[in-house]
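Engineer: mind looking at a prediction? Sequence and model below.
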Amino acid sequence: MKRTLAEEPRLAARALFPHWRSAVVRHADLDPNGHVTNSVFAAWLDDGRYALLSAILLPLIPPGDLPALAALSVDFAREVTFADAPEIGTAVLRLGARSIVMGQGLFVGDACAATAHSVTVVMDGRTRRARPLTIAERDALGRFAARSGGEAGDWS
């Protein structure tokens, strides 16, 4: 699952992402050097994923089922400071039978500060195990596939 920015340079291109969310830098987010800490990057990426999933997937899943993060990989490329206005782009890279692979870019203007790969599953509320994605879920998520400039993934 681990992909580095060197292996996935398309994640550093703003044009790849169909879904966007802004983030706010707080004084509490800064380390003693005035840089946003890595844990805040991860929280912003989580906000971006959840914003997409809550708008698109949650209305389609039965009560009791829920999305669960199965894997996360982040590559840090540049610092973010208090004066910056970060934005998180999110795209579906691939849909498996039971998984949603997403790519993300954290940007300040056109500069990419971090990229991420994640795998999310929909957990069955009764069994607490990943369940297959429904056709409706796959169709809804497919509308957020990576844009040209980076090919969308394989939907198998």
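Structural biologist: Perfect, I can see it now.

Engineer: next one, pLDDT for the residue lying farthest from the centre of the chain please.
Structural biologist: The C-alpha centroid of the chain is most remote from residue 32, which lies 27.7 Å away (CA atoms, centre = their mean). If you check residue 32, the pLDDT there is 94.

Engineer: in the lengthiest helix in the chain, which residues are buried?
Structural biologist: In the chain, assigned by DSSP state H, the helix with the most residues is helix 38-56. Residues of helix 38-56 classed as buried: 40, 41, 44, 45, 46, 48, 49, 50, 52, 53, 56 (neighbour count, 16 or more other CB atoms under 10 Å). C-betas here are computed from N, CA, C, even on glycine.

Engineer: again with stretch 123-140
Structural biologist: 123, 124, 130, 131, 133, 137, 138, 140.

Engineer: also stretch 103-111?
Structural biologist: For stretch 103-111, a neighbour-count test (16+ other CB under 10 Å) marks 103, 104, 105, 106, 107, 108 as buried.

Engineer: from those, which is closest to residue 89?
Structural biologist: When these are compared for distance to residue 89 (CB to CB), residue 105 wins out at 4.7 Å.

Engineer: so the closest residue to residue 45 other than its chain neighbours is in which element?
Structural biologist: Nearest residue to residue 45 in three dimensions, chain neighbours excluded: residue 116, at 4.9 Å (CB to CB, 6 or more residues apart in numbering). Taking DSSP states H and E as the criterion, residue 116 maps to strand 111-123.

Engineer: much appreciated, bye for now.
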